[in-house]
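>>> Here is a sequence with its predicted model. Questions after.
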Amino acid sequence: MEQREQWGTRAGFILAAVGSAVGLGNIWRFPYVVYENGGGAFLIPYFFALLTAGIPILLLEFGIGRTGRGSSPLSLSRLSRKFEWLGWWQVLICFVITTYYVSIIAWAVSYFFYSFNLNWGEDTKAFLFGTYLGVPGDAVTDSGWNLGGLRWHILLPLIAVWAGTYYVLIRGIKKGIEKVSKIFIPILFVMMILIVIRAVTLPGAGVGLDHLLTPDFGKIMPGFLGGTNPEWYSVWIAAYGQIFFSLSIAFAIMITYSSYIDKKQDVNNSGFIMAFSNCGFEFLAAIGVFAAIGFMAVSSGSEVKDVAASGVGLAFVVFPKIINAFPTLNGTFGALFFLALVIAGYTSLISIVEVLIASLMDKFRLSRKAAVNGVVGVCAFVSIVYTTGAGIVLLDIVDHFINNFGIVIAGLFEVILVGWFANITRIRDDNNLVSDFRVGTWWNIMIIGVTPLVLLFMTFKNFQLEFTKAYEGYPFHALLTFGWIIVGATLLIAFPLAYLFKWKTQEGF
Ligand code: PHE
Ligand code: NA
């Protein structure tokens, strides 16, 4: 029987895990999430979420994968056959995310090339939505139904990203993923440090940093503790959401990656190293981004709040504008920034596609080659829809629903099923036995009590908000089709996948 693949070294595993964690979420998502949620004060809920949910779930998933020795469905079903559906739900969530995540990387590839001649011109917003994405008609009224044809200048970089992903995945764990992480992750950190050094030495950088770091405690506290924000809890929800997305937890990735580690190798220390590297990178990115925004505000005589934007706009509208205004070397700085975005996204994409590959290899005993061909083929084909004029609207709706109702609820089920119905003290003891340091009972309390409570509250609030206000004002039929139906389908398809097919894997249980 073929041996399960393994990471070559412990550092290789950690770098691959960091490669998955450090992604688009660190560079464009984190800075605006901090900014929107109380600036410096946001760091309190953020660290709280890291210690109460982020690291505990990370160590749980490392434990499940390390001893389960399988993709998420296999490792979970080795804990209990009744948990297998959850593994497939996570796998299908990964499938949905893969198809749109790759298109954002494709945009970054285009923008890398545009940097050299500052092709986006003065009106960077009109360039993004008009010239580049080619959104037809009115985005909100059309709401994704008016595809408006293929955009070849998005499709070509998309194909290139898929080719690069295929190249790595077909080589497998050690010769593919580990190798690419060992090369690219150190380069990425150096690039980010260069970007930050340049940004903080720009005139006006301090103004941006003040905005980022000045704490607004009123925003994060309930009224009876002196809070001024009636929706103070939304800040805490945002902190948990960022931690989940950023650490790549609760969607099968870390279970899959840890199923390839040497069974006798430390996990606790690796988990802490990985979590703090990711958060450190996130801080660096936020400092760089806000220093640059401060420079832009001062040099154009406007307010920081008028320069900063959220979502896609930050990386693809605001940044090109800032790069235009650079004193020297505009193109070089632009290329450096977008290349960092491409590399960060690429190593994350690899990890999420590996989840799909591993689960099919395990369940149907496919060779890596067959699984990679099938998975990359199907994902690449589906991802073409995001290169049409409607792509960004579809992406916006799908991303919102899969994050708020897919990942969060799958995470809730994970802590409840495993925390309440499996022997998690044994998972902890097993982890402690091989690790550099031991993790105490606080971990059980987080997994069994604190995390489920917080996630339950988040889910309740997310439903409430969804039914009181149409997301971004989109019409109901669009939210139903691209939101509820897609998330619902991932959950429904998980059950037949889990229980209609027998495990073909020889290892059994
Ligand atoms: N951790 C990633 C990030 O911060 C999130 C992610 C990983 C998303 C893998 C998709 C796939 O961007
Ligand atoms: Na991240």
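Happy to help now that I have it. Ligands and ions are numbered 1, 2, ... in the order given.
>>> quick one: low-confidence parts of the stretch 51-200 of the chain?
Within the stretch 51-200 of the chain, the stretches with pLDDT under 70 are 139, 141-144.
>>> go again using 80 as the cut-off
For the stretch 51-200 of the chain, the stretches flagged by pLDDT under 80 are 137-150.
>>> And stretch 463-480, end to end?
Start-to-end span of stretch 463-480 (CA to CA, to the nearest Å) is 14 Å.
>>> residues of it that come out buried?
466, 474, 478-479 (16 or more other CB atoms under 10 Å). Every residue, glycine included, has its C-beta placed from N, CA and C.
>>> how about the residues of the stretch 101-250 of the chain near ligand 1?
Within the stretch 101-250 of the chain, the residues that sit near ligand 1 (CB under 6 Å from any ligand atom) are 101, 245-246, 248.
>>> Could you find the closest non-adjacent residue to the residue most central in space within the chain?
The residue lying closest to the centre of the chain (CA atoms, centre = their mean) is residue 245, at 4.3 Å. Closest residue to residue 245 apart from its sequence neighbours, by CB to CB, 6 or more residues apart in numbering: residue 25 at 5.0 Å.
>>> re the thing from before, from the buried residues of stretch 463-480, which two are the most distant?
466 and 478 (13.6 Å; CB to CB).
>>> rewinding a little: closest to residue 162 out of the residues of the stretch 101-250 of the chain next to ligand 1?
residue 101 (12.0 Å).
>>> Now do the same contact list for that closest one.
24, 345, 348-349, 352 (CB atoms under 8 Å, 6 or more residues apart in numbering).
>>> can you pick the most crowded of these?
residue 349 (26 neighbours; other CB atoms under 10 Å).
>>> quick one on the thing from earlier: just the ones of the contacts of residue 101 in helices?
Using DSSP state H, 24, 345, 348-349, 352 are the members of the contacts of residue 101 that sit in helices.
>>> Kindly reformat the residues you listed as JSON lines containing distance to residue 318 and pLDDT.
JSON lines is the format used below for those (distance: CB to CB, whole Å; pLDDT from 0 to 100):
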{"residue": "24", "distance to residue 318": "15", "pLDDT": "92"}
{"residue": "345", "distance to residue 318": "18", "pLDDT": "97"}
{"residue": "348", "distance to residue 318": "22", "pLDDT": "97"}
{"residue": "349", "distance to residue 318": "24", "pLDDT": "98"}
{"residue": "352", "distance to residue 318": "27", "pLDDT": "97"}
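>>> among these, which are in reach of ligand 1?
When CB under 6 Å from any ligand atom is applied, the members of those adjacent to ligand 1 are 24, 348, 352.
>>> which among the residues of the stretch 101-250 of the chain next to ligand 1 gets closest to residue 457?
Nearest member of these to residue 457, counting by CB to CB, is residue 245, at 17.9 Å.
>>> show me the contacts for the closest one.
Per CB under 8 Å, 6+ apart, neighbours of residue 245: 25, 29, 403, 407.
>>> and it, that's in a helix?
Yes: Residue 245: assigned to a helix according to DSSP: H, G, I helix; E, B strand; the rest coil.
>>> how near is it to ligand 2?
Separation of residue 245 from ligand 2 (CB to the ion, to the nearest Å): 7 Å.
>>> mind listing the helices for the stretch 201-350 of the chain?
For the stretch 201-350 of the chain, applying DSSP state H, counting those that start in this stretch gives helices covering 205-213, 232-246, 253-258, 268-300, 304-307, 312-313, 319-324, 330-364.
>>> do you know how far the closest residue in space to residue 406 that isn't next to it in sequence is from residue 413?
The shortest distance from residue 406 to any non-neighbouring residue, by CB to CB, 6+ apart, is to residue 93 (4.5 Å). Going from residue 93 to residue 413 by CB to CB, to the nearest Å gives 12 Å.
>>> if we can go back for a sec, so can I have JSON lines of the buried residues of stretch 463-480 showing pLDDT, distance to ligand 1 and secondary structure?
Formatted as JSON lines, these follow (pLDDT from 0 to 100; distance: CB to the nearest ligand atom, whole Å; DSSP: H, G, I helix; E, B strand; the rest coil):
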{"residue": "466", "pLDDT": "89", "distance to ligand 1": "22", "secondary structure": "helix"}
{"residue": "474", "pLDDT": "90", "distance to ligand 1": "23", "secondary structure": "coil"}
{"residue": "478", "pLDDT": "89", "distance to ligand 1": "23", "secondary structure": "helix"}
{"residue": "479", "pLDDT": "91", "distance to ligand 1": "22", "secondary structure": "helix"}
